[in-house]
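Student: coords below, sequence missing:
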DNA sequence: GGAAATTAGTTAGCATAGCTAACTATATTG
DNA sequence: CAATATAGTTAGCTATGCTAACTAATTTCC
C-alpha cells in the first residue's frame, strides 16, 4: 500500500509513528524522573502543583479532571501538597462542598525550581545539537500537544 | 539574542524547548494511559515486556538498565510478568547468577494487542495529518530517543 | 588453593500513586 | 420536606519506585 502524498497515511505507518512517539515519551520522562526526588515532592504532586501555578486556583474536581485522575487520587495528592505547605485550601462560600485550591508562594517557588531542574539536563544535551534539530524538536513538541488534545 | 545557525543555541531557548518536550511527553502519555488497564498488565510490565519482544532476551540487570529502573524494581516487574505467564526465565549455563529472560508466545501476543490499543487512538489522529507532519514527528521521536540516552 | 572482593539477583520495608466502593456533608429537585 | 444528586474523603487494594541488607556465584589475588 502506497502513501497518497499530502492526503493520509497508511495504517501501518501511522501505527508505527504513534508507537515510536509513545516509546520516546516514556524514555524521555524516565530520564527527567531521576531529578524529581530532589524537590522532595513526587511527580504527580509536581504536576498538579503546576496546574495551580500556571492555570490558577481550581476546585479538587477540576484539578482531578485536568490531571486525568479520579477524585480520591487527587484528594491524596492535594493532602501531600498541603502537608508540605505548597497549597492552600478554602471552602467556597457559594457552595460549601467545594474547595478552592491555590498554590502558596512557597509552592510557586518550589515549582519553578523543580521545573528548571527537571529540564536542565535535557537542555544541556539540546545545546549540543545544531539549531535546526532543536527547531525541529520545538515544532514536534507543539504537534505532540495537539495530538494529546486529539486534534 | 539570535541563534548562530548550525552552531549552538542560547541557554533560554534550549530550556524552553526542553520544557515543552517534557510537557508534551507528559500529556501524550496521559492520553494513552487510559487504555493501559485493558490488558490487565501495568505500564511498567508492558514496557519491560516490549523490550523482551522487540530487543530479544535479556538478563534482569540489562532489562533494568534498558528501562532505567533499579534491579529490585525490575525483579518485581518480572515476577509479575512470570506470574501472568508472559515471560520465561532460565538460569544461564556460563554464569549461574544470571537470568535469561524471554517473552513467551502469550507475552508476545499480549504485547502486540496492548501496544496497538495503546497507540491506536494516536494513530487515528495521525492519519488525519499530512504526510509531511507525520514524517516530522517520526524524526522527532528518534531525536527524543537520542536525548533520552543523553546523546 | 582458598580467602576476599565483586557481581547478579532477591527480599524486606517504605513511599507515592492509581483504582473502586462506601461514606459524609451539602445542594438541588420534585 | 423527602429524595436525589454532587463534592470530597476514607478505607483498602494493586502497581511501581527506592534503599538496605541479604544469598549465591564468580573472579581476584595472595
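Tutor: Cool, the structure landed. Values in this document were obtained by computation on a predicted structure and should not be read as measured data.
Student: please, where are all the helices along chain A?
Tutor: A:11-33, A:43-55, A:60-66, A:71-83, A:105-126, A:131-148 (DSSP state H).
Student: which residues are in contact with the fourth one?
Tutor: In this case it means helix A:71-83. Helix A:71-83 is contacted by residues A:41-42, A:44-45, A:48-49, A:60-61, A:63-64, A:67, A:69, A:87-89, A:101, A:107 when judged by CB atoms under 8 Å, 6 or more residues apart in numbering or on different chains. Bear in mind the C-beta positions are built from the backbone N, C-alpha and C, glycine included.
Student: now do the shortest one
Tutor: Around helix A:60-66, the neighbours that count as contacts under CB under 8 Å, 6+ apart are A:48, A:51-52, A:55, A:58, A:70-71, A:73-75, A:78, A:98-99, A:101.
Student: could you rerun that using 10 Å?
Tutor: A:47-52, A:55, A:57-59, A:69-75, A:77-78, A:87, A:89, A:97-101 (CB atoms under 10 Å, 6 or more residues apart in numbering or on different chains).
Student: from those residues, which are also near DNA strand C?
Tutor: Residues of these in contact with DNA strand C (CB under 7 Å from any atom of the strand): A:69, A:70, A:72, A:73, A:77, A:97.
Student: re earlier: ok, of the helices of chain A, where does mean pLDDT dip lowest?
Tutor: Lowest mean pLDDT of the helices of chain A: helix A:11-33, a mean of 81.
Student: in it, which residues are buried?
Tutor: Within helix A:11-33, the residues that count as buried by 16 or more other CB atoms under 10 Å in any protein chain shown are A:13-29, A:31-32.
Student: could you do stretch A:130-147 as well?
Tutor: Per 16+ other CB under 10 Å, stretch A:130-147 contains these buried residues: A:131, A:133-141, A:143-144, A:147.
Student: again with stretch A:75-90
Tutor: A:77, A:78, A:81, A:84, A:86, A:87, A:88.
Student: next: stretch A:38-45.
Tutor: In stretch A:38-45, counting by 16+ other CB under 10 Å, buried: A:39, A:41, A:43, A:44, A:45.
Student: just the pLDDT for the residue of chain A found nearest DNA strand C.
Tutor: Closest to DNA strand C within chain A is residue A:42: 1.7 Å, counting by CB to the nearest atom of the strand. Per-residue confidence (pLDDT) for residue A:42: 91.
Student: quick one: neighbours of residue A:70, just the number.
Tutor: By other CB atoms under 10 Å in any protein chain shown, the residues close to residue A:70 number 10.
Student: before we move on, what about residue A:37?
Tutor: Based on other CB under 10 Å, the number of other residues close to residue A:37 is 10.
Student: which ones are touching it?
Tutor: Counting by CB under 10 Å, 6+ apart, residue A:37 has contacts residue A:43.
Student: about what we covered before: and chain B, which of the buried residues of stretch A:130-147 contact it?
Tutor: Subset of the buried residues of stretch A:130-147 in contact with chain B: A:131, A:133-141, A:143-144, A:147, counting by CB under 10 Å from any CB of the partner chain.
Student: show me which of those residues is closest to DNA strand D.
Tutor: residue A:144 (20.8 Å).
Student: how about the residues of chain A by DNA strand D?
Tutor: Residues of chain A lying near DNA strand D (CB under 7 Å from any atom of the strand): A:59-62, A:71-72, A:74-76, A:78-79, A:95, A:97-99.
Student: which one of those is nearest chain B?
Tutor: Here the nearest of the residues of chain A next to DNA strand D to chain B, counting by CB to the nearest CB, is residue A:74; it sits at 13.6 Å.
Student: from residue B:138, how far out is the closest one?
Tutor: 35 Å (CB to CB, to the nearest Å).
Student: equivalent analysis for residue A:31, please.
Tutor: Applying CB to CB to residue A:31 and residue B:138 gives a distance of 20 Å.
Student: out of the helices of chain A, which is closest to residue B:111?
Tutor: For the helices of chain A, the distance to residue B:111 is smallest for helix A:11-33, at 11.3 Å, taking CB to CB.
Student: how about the contacts made by residue A:146?
Tutor: B:24, B:27, B:125, B:129, B:133.
Student: the last one against residue A:140, yeah?
Tutor: Yes: when contacts are counted by CB atoms under 10 Å, residue B:133 is listed as touching residue A:140 (9.4 Å).
Student: having no further points to raise, I will conclude here.
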